[in-house]
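Undergrad: Predicted coordinates and the sequence they were generated for:
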Amino acid sequence: TSDSPEMAAALKEAVDTMLSVLAYLNDSMHQVSITGYSDNLSNLGLLLMHGSFRVWTEHKHERIRDLRLRAMQRHLFLYQRALLLCKKKDDHHGINEQS
């Protein structure tokens, strides 16, 4: 095999394409697990990124000093038109995410 710049560029493009397809499939698998959302997810635009985060909320009867004790694990989905927060819900067949 020869080490031509054209061949290297073509291989890089092929690898980039494969990685893009894998990222799309991974995103799709996460979106499929969302339950309880009443609208169509496609109305939110493209999925830009997603990931697990710890979220703190303030309850009206609690003081700010208690916020550090109330962290909740959530999976966030950032779309073009919205930010969707989901909590993990235990299921008999595994874990799915509920909006």
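TA: All right, it came through fine.
Undergrad: would you list every one of the helices in the protein?
TA: 5-32 (DSSP state H).
Undergrad: list the contacts for residue 41?
TA: Applying CB atoms under 8 Å, 6 or more residues apart in numbering to residue 41 gives the contacts 31, 34, 79. Just so you know, the C-beta spots here come from the backbone N, C-alpha and C atoms, and that holds for glycine as well.
Undergrad: how about 10 Å then?
TA: 31, 32, 34, 47, 77, 79, 82, 84, 99 (CB atoms under 10 Å, 6 or more residues apart in numbering).
Undergrad: where does this structure have low pLDDT?
TA: Scanning the chain for pLDDT under 70 picks out the ranges 1-2, 58-70, 90-99.
Undergrad: residue ranges of the strands in it, please?
TA: 34-35, 47-55, 72-79, 83-91, 94-98 (DSSP state E).
Undergrad: Out of the ones you listed, indicate the one that is most buried.
TA: strand 72-79 (a mean of 16; mean count of other CB atoms under 10 Å).
Undergrad: can you list the residues that contact it?
TA: For strand 72-79, using CB under 10 Å, 6+ apart, the contacting residues are 27, 30-31, 33-34, 37, 41-57, 83-88, 97-99.
Undergrad: circling back: how about the strands of the chain, which one is nearest residue 4?
TA: Across the strands of the chain, residue 4 has its closest neighbour in strand 47-55 (36.1 Å, CB to CB).
Undergrad: Just want the angle from that closest one to helix 5-32.
TA: Angle, strand 47-55 to helix 5-32, by axes from the mean of the first three to the mean of the last three CA atoms, to 10 degrees: 50 degrees.
Undergrad: now for strand 47-55, which elements pack on it?
TA: helix 5-32, strand 72-79, strand 83-91 (3 or more CB pairs under 10 Å, 6 or more residues apart in numbering; DSSP states H and E).
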